[in-house]
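Quick one: sequence and predicted model below, then my questions.
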There are 2 protein chains.
Amino acid sequence: MITIGIVEDNDVLRSSMEMLLQNNGNYQVVFSLHDARTILEQTEIHMPRLILMDIDMPGINGIEAVKMVKKDFPAVDIIMFTVFEDDEKIFRSVMAGASGYLLKKIAPSRLLEALNDFVQGGAPMTGSIATRVLEMFRKQTKQTSAEFNLSVKELEILTALTEGKSYKTIAAERFLSTETIKSHVKNIYVKLHVHSKSEAVAKAFREKII
Amino acid sequence: MITIGIVEDNDVLRSSMEMLLQNNGNYQVVFSLHDARTILEQTEIHMPRLILMDIDMPGINGIEAVKMVKKDFPAVDIIMFTVFEDDEKIFRSVMAGASGYLLKKIAPSRLLEALNDFVQGGAPMTGSIATRVLEMFRKQTKQTSAEFNLSVKELEILTALTEGKSYKTIAAERFLSTETIKSHVKNIYVKLHVHSKSEAVAKAFREKII
DNA sequence: TTAAAAACCCCCCGTTTAGGGGTTTTTAAA
DNA sequence: TTTAAAAACCCCTAAACGGGGGGTTTTTAA
């Protein structure tokens, strides 16, 4: 028997969800809220295995509610159940700690399926959402980019620059003269098309050289 | 009728996959390769809707193959089909351009289901993989961190610093004296606990302030 | 209303940097 | 064995920076 909490401001929908879950036999709805205001108390009292959470609600929005619950009860899994399918909402939900993301347009039978899958350690999201997440993931962590043909030494020194070290420090650390470091830095600037330490550091981060 | 290509070095498994797909009626296996050496030619000739790709293969490994195919034929979707479920492999596959990731331990019926889902714009991965991706995603893009209580102006100036601008330039851009910029920068340094432009820029990136 | 931030401005001084010009020695490939 | 980078070193100069002072005026929030 899987305990489940529901937070959904649309009363009609919430009742349907309750019914759907209760009738299934595998689920026990331990709380069913119109908004997230009492979510912490309810969670503490009933300790559901998972929570189905709407996003657009009066008072506290669903994403904020996820943060709150996850902070106090990290073991409780929360699945967003919403009409929104924009990257922003998905992204923020995942960041907040949501374990899943289902769209309301899903058929009731599929909802149950998805929940069952999830409980068995499985699919926590609609296919289209999974695709979105993959894409966001891909974008976020784009490739190491062109290496700008930096030599090993140059990369080493660039890294040191990102640590805020001065030429003198870098030189001292590897028993070289500051002039050596300077000429390396000059070469780095030429290769990166920059004209100062801060620009070089910024480029190093932006281009994921570091 | 969905055209599909298979790349899998285990001949027994490959035959089973072929049979499974052909018998289903919805799929037409247009090529079935023991390794990825001829993948580009085969893809060019048959232009499958999607490719099922093993990872561990003699010659070219599956992830390299994905890169090759995606480079020349970005429209072809590739789904990894593998025994590996470690983050590293998943990560690299997604980065290479794989649209899905299925584990070989999946039941044949579920494989068909997953493929069908995928073709309908849906779930391109096993549930456990989706969970992993979510976790990786969460880790990658960790929170915006403490804001260091930077004022709006300070944030503005910090941003300008990351663009490699000098005090003079920043001052000129907003019709302020360079001394004003200097004192703002001083305050930024105090708040970030740094002592130079490059350190400030580095911290800005590392702490995702920018 | 009032006190604290935030934003603004200025001076000094020593250090660091950026860009310009070089030379010599390793190192690695042709 | 030749050759070409890469790495290491040097000098000079002007500009930029960092840290230390000293202030005034707006905003903003109790």
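That came through fine.

Helices along chain A, start to end?
All helices of chain A, identified by DSSP state H, fall at A:11-24, A:39-46, A:62-72, A:87-96, A:108-119, A:127-140, A:152-162, A:167-173, A:178-192, A:197-206.

any bit of the least confident helix or strand in chain A by mean pLDDT sitting next to chain B?
Every helix and strand in chain A was compared by mean pLDDT, DSSP states H and E; the lowest is helix A:127-140, with a mean of 84. Yes. Residues of helix A:127-140 are located near chain B by Cβ under 8 Å from any Cβ of the partner chain, namely A:127-128, A:130-131, A:133-134, A:136-138, A:140. Placement of C-beta: from N, CA and C, glycine included.

tell me which of the residues you listed is nearest to chain B?
If you rank these by distance to chain B using Cβ to the nearest Cβ, A:Gly127 comes first, at 2.5 Å.

Run a quick neighbour tally on A:Phe118.
Residues contacting A:Phe118 under the criterion other Cβ atoms under 10 Å in any protein chain shown number 22.

ok, so what distance separates it from B:Phe137?
Separation of A:Phe118 from B:Phe137 (Cβ to Cβ, to the nearest Å): 17 Å.

just to revisit the earlier point, comparing the helices of chain A, which comes out most buried?
helix A:197-206 (a mean of 23; mean count of other Cβ atoms under 10 Å in any protein chain shown).

what's that one packed up against?
Judged by 3 or more Cβ pairs under 8 Å, 6 or more residues apart in numbering or on different chains; DSSP states H and E, the packing partners of helix A:197-206 are helix A:152-162, helix A:178-192, helix B:152-162, helix B:197-206.

So for the first one, mean pLDDT?
If I follow you right, that is helix A:152-162. The average pLDDT within helix A:152-162 is 91.

And that helix, what does it pack against?
Counting by 3+ Cβ pairs under 8 Å, 6+ apart, helix A:152-162 packs on helix A:167-173, helix A:178-192, helix A:197-206, helix B:197-206.

Could you check which residue of chain A lies nearest DNA strand C?
The minimum distance from chain A to DNA strand C, using Cβ to the nearest atom of the strand, falls at A:His195 (3.2 Å).

Looks like that residue contacts B:Lys165 (just checking).
No. The pair A:His195 / B:Lys165 is not scored as a contact, 10.5 Å apart, by Cβ atoms under 8 Å.

out of those two, which sits in the busier spot?
B:Lys165 (20 against 12).

Residue numbers of chain A in contact with DNA strand C?
A:166-168, A:182-183, A:185-186, A:189, A:195-197, A:200 (Cβ under 7 Å from any atom of the strand).

Could you dump those residues into a markdown table and include distance to A:Asn23 and pLDDT?
Formatted as a markdown table, those follow (distance: Cβ to Cβ, whole Å; pLDDT from 0 to 100):
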| residue | distance to A:Asn23 | pLDDT |
| --- | --- | --- |
| A:Ser166 | 70 | 93 |
| A:Tyr167 | 73 | 94 |
| A:Lys168 | 74 | 94 |
| A:Lys182 | 76 | 94 |
| A:Ser183 | 76 | 94 |
| A:Val185 | 70 | 94 |
| A:Lys186 | 74 | 93 |
| A:Tyr189 | 69 | 93 |
| A:His195 | 69 | 93 |
| A:Ser196 | 67 | 93 |
| A:Lys197 | 66 | 94 |
| A:Ala200 | 64 | 93 |
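
among these, which are in reach of DNA strand D?
Answer for the residues of chain A next to DNA strand C near DNA strand D (Cβ under 7 Å from any atom of the strand): A:182-183, A:196.

Give the full set of residues in contact with A:Gly62.
In this structure, A:Gly62 makes contact with A:7, A:36, A:53-56, A:80, A:82, A:93, judged by Cβ atoms under 8 Å, 6 or more residues apart in numbering or on different chains.

Find me the pLDDT at it, would you?
pLDDT, read off for A:Gly62, is 95.

In terms of pLDDT, where does the residue nearest to it when sequence neighbours are not counted sit?
With sequence-adjacent residues excluded and distances taken as Cβ to Cβ, 6 or more residues apart in numbering or on different chains, A:Gly62 is closest to A:Ile55, at 3.8 Å. On pLDDT, A:Ile55 comes in at 95.
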